[in-house]
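Participant: Have a look at this prediction, sequence included:
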Amino acid sequence: MCNSMNYVAIDFETANRSRSSVCSMAAVTVEEGRIVRSAYSLIRPPELRFDYWNTRIHGITAADVADKATFAELWDRIRPHLDNKIVIAHNAAFDIGVLRSILAVYKLPKPSFRYACTVEIAQKAWAGLDNYKLSTLASRFSIDFEHHNALHDARTCAVLALRAGQETAAQDFLHLAELLQVKVREF
């Protein structure tokens, strides 16, 4: 039961309203139902412009990333962790949109993967909750969590999918998606 859960949970934080303004990213890899790898990086966005509200949310400033690598410089290390995998994110439309935007800005090769949203998973697995915010779900399941820290967000997302898999006795991630009737989309 759930020992075949394999996926990568991702999370991005952005510097401003532009989807391509990536200033941090995290990826948490689950293999055989266990978290086996976590990666986090501060990233210099294409334009070093931070909106007050974004910094207020995640605490990252232009000074924090001024000397960091760009997404393009990191892409060769990131891509193998996404290619031919199942990728999940909490509110996947945002994170997948960010990835599409940053790839387009730098004209980087598009990876091949399928993705799903843990908001949708949580809504189906634990119907009737007041809300499905990551902070609410982390509290409900006693997950150590610092909201809008990309690594914490990705790790919490990974744990939620594992938890849903355990509770539904899913054989693997695609079986979980089938049981909960959650769409797994092509990137």
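Facilitator: In hand now; what should we look at? Note that the structure is a prediction, hence the values are computed from the model and not measured.
Participant: hey, where'd the helices end up in the protein?
Facilitator: For the chain, applying DSSP state H gives helices covering 52-58, 62-65, 71-82, 92-106, 118-125, 134-140, 150-168, 173-180.
Participant: So for the nearest residue to Leu74 once chain neighbours are set aside, what's the pLDDT?
Facilitator: Setting aside the residues directly before and after it, Leu74 is nearest to Ser41 in space (Cβ to Cβ, 6 or more residues apart in numbering), at 6.2 Å. From N, CA and C alone the C-beta is placed, and that goes for glycine too. In this prediction, Ser41 carries a pLDDT score of 97.
Participant: so Ser41 touches Val22, yeah?
Facilitator: No - using Cβ atoms under 8 Å, Ser41 and Val22 do not qualify as a contacting pair, with a distance of 9.6 Å.
Participant: more crowded one of these two?
Facilitator: When neighbours are counted by other Cβ atoms under 10 Å, Val22 comes out ahead of the other of Ser41 and Val22, with 27 against 19.
Participant: Skipping its backbone neighbours, what lies nearest Leu99 in space?
Facilitator: With Cβ to Cβ, 6+ apart as the criterion, Leu99 has its nearest non-adjacent residue at 7.3 Å, and that residue is Phe12.
Participant: any idea how far the one you found lies from Val65?
Facilitator: Going from Phe12 to Val65 by Cβ to Cβ, to the nearest Å gives 13 Å.
Participant: go on, Ile102?
Facilitator: Plainly put, Ile102 is 14 Å away from Val65 if you go by Cβ to Cβ.
Participant: more crowded one of the two?
Facilitator: Here Ile102 and Val65 are set side by side on neighbour count (other Cβ under 10 Å), and the busier one is Ile102, at 25 against 21.
Participant: check contacts around the more buried one.
Facilitator: With contacts taken as Cβ atoms under 8 Å, 6 or more residues apart in numbering, Ile102 has the following neighbours: 19-20, 22, 46, 71, 108.
Participant: In those residues, which residue is surrounded by the most others?
Facilitator: Of all the contacts of Ile102, the most densely surrounded is Val22 (27 neighbours; neighbours counted as other Cβ under 10 Å).
Participant: list the contacts for that residue?
Facilitator: For Val22, the contact set (Cβ under 8 Å, 6+ apart) comprises 12-15, 43, 45, 71, 98, 102.
Participant: of these, closest to Ala169?
Facilitator: Distance ranking of the contacts of Val22 against Ala169, using Cβ to Cβ, places Phe12 first at 31.8 Å.
Participant: In this structure that closest one contacts Ile96, no?
Facilitator: No - with contact defined as Cβ under 8 Å, Phe12 does not count as touching Ile96 (9.6 Å).
Participant: Determine which member of those two has the greater number of neighbouring residues.
Facilitator: A side-by-side neighbour count of Phe12 and Ile96, using other Cβ under 10 Å, places Phe12 first with 25 against 20.
Participant: what's the spacing between the more buried one and Asn149?
Facilitator: 12 Å.
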